[in-house]
Structure formats: structure tokens, C-alpha cells
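K.L.:
My questions are about this predicted structure, shown below with the sequence.
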Amino acid sequence: MNIKVAIFEDNKLIREALQTIINGSPGFVCTGSFVNVNQVLADIHFSQPDVVLMDIEMPGLNGIEATKIIREEFPEIKVLIQTVFNDSDKIFNALCAGASGYILKTDSPTRQLEAIKEVFAGGGAMSTSIAQKVMGFFVRKNVILVQPEDTDFDLSTREKEILSLVVDGHNYRDIAEKTFISYETVRTHIKHIYKKLHVASKAEAILKAIQQGLK
């Protein structure tokens, strides 16, 4: 089954390059390519994507506002923010709007495709530099969403090891190489970690790990 991807990007060269990469890669198909998000609901109805590649800065409505609309109307659709901005506030706002992941346009095509697969599978794709900024944002702002709990959440030694690597900004493939397990096994561990921590995204997992002293 192909992963259906819709692209929202106002830069013609980038938009066409993404479309070419997606359609030229086994397991992926681009079902829509749009220059803005001013008619985002109609465009989503038309393209029926599994994953949306979303730029942040576009004419009219911006990508963060569009992400919130998509997630409210189509909660099953994953949104992967892709931008040139490496800015903590924009990252935090995008994740709060419901984005499943956040990568930079400078990331390689291989990493972009990997990120699409990660969010489609329920993970939270995030570039290493982005993950580090998310962690720094939480620490700098002293963001506290929950009170520390006297528990280790019943995480196994392996799950704690993988969670630590997630907090450090490593992606699934890096974690697989460092822990000498398969990519699919990493995905399974991540799902179990999310379930035990009662979180639904990488950003939430990083935050909770910091708050609860699991890192």
C-alpha cells in the first residue's frame, strides 16, 4: 500500500522537487500539490492524504494555522511540518497545533521519506537539531504540564535506553544502529514507550522524560 502524501508549499521548485521525490520512491504517491493553504479543507478532501507535508510561511493562512484546522477536521491525518526555520517558538507552536513531526528543508530526500514513514506509522519524526531545540525550549521556559510522579512508568531497561536516545535527538534508524536492533523493533519499542508514558508524540515524550527525570 502506498502512503498518500499531499504537499503544501509556495516555492515552485521545492514543491516540484518534493513531488518528484515522492512519486519516484516505492511505497509513496503524491495525491496533491498546493501553493497555499487558503482552501486547505477543500484541498484535503480532494487529495485524501495519509500524511501532509506542510510549509510554515505561505501567503495568506500560515502552515501552523492550517495544521490546527487539519487536525481538528481530520484527526487521522498526520501533518509533517517542513520549513527552513530552525526557531524554537515556531517549532513549539507547530507541535501544539497538532503536528506529528517537524523537519528542515535542508534534510536529505532519504530523511524526508523516512520522516513521512515515521509519522504515518504513528511515530514523531523530528530532525536532531529540532529535537534538541524542543528540549532546550522546555528547559529554558521551564514548561511544566504535569507534576512529577513517583514512578518509572514500568519502562524496561531497553525502553529507557531508547527513550534517552530519542531525547538526544536520534531518529529511528540511528537508534537501531546504536542499539543493534532492527528498525521495526525500534518502532515497536517507541509505541510501547508512548503507551506507558501516556503520550502521543515525540515532543510529549521528550517533555515527560525531562519532567520525570527519565533522561
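P.N.:
Received, thanks.

K.L.:
Measure how buried Tyr194 is and give me the count.
P.N.:
For Tyr194, the neighbour count with other Cβ atoms under 10 Å is 20. Heads up, the C-betas are built off the backbone N, CA and C, glycines and all.

K.L.:
And the pLDDT for it?
P.N.:
pLDDT for Tyr194: 87.

K.L.:
And what about it, helix, strand or coil?
P.N.:
Under DSSP: H, G, I helix; E, B strand; the rest coil, the three-state class of Tyr194 is helix.

K.L.:
So it is in contact with Ala200, correct?
P.N.:
Yes - counting by Cβ atoms under 8 Å, Tyr194 does reach Ala200; the two are 6.5 Å apart.

K.L.:
what residue ranges in the chain score low on pLDDT?
P.N.:
The model of the chain has pLDDT under 70 over residues 85-88, 123-152, 203, 211, 215.

K.L.:
Run through the strands of it in chain order.
P.N.:
3-8, 28-34, 51-54, 78-83, 101-104 (DSSP state E).

K.L.:
Which among the ones you listed is found nearest to Leu165?
P.N.:
Nearest to Leu165 among the strands of the chain is strand 101-104; the distance by Cβ to Cβ comes to 16.6 Å.

K.L.:
separation between the most centrally placed residue in the chain and Leu13?
P.N.:
Among the residues of the chain, the one closest to the centroid is Gly101, at 1.2 Å (Cα atoms, centre = their mean). To Leu13, Gly101 is 23 Å away according to Cβ to Cβ, to the nearest Å.

K.L.:
quick one, what contacts Phe34?
P.N.:
Going by Cβ atoms under 8 Å, 6 or more residues apart in numbering, Phe34 touches 6-9, 43.
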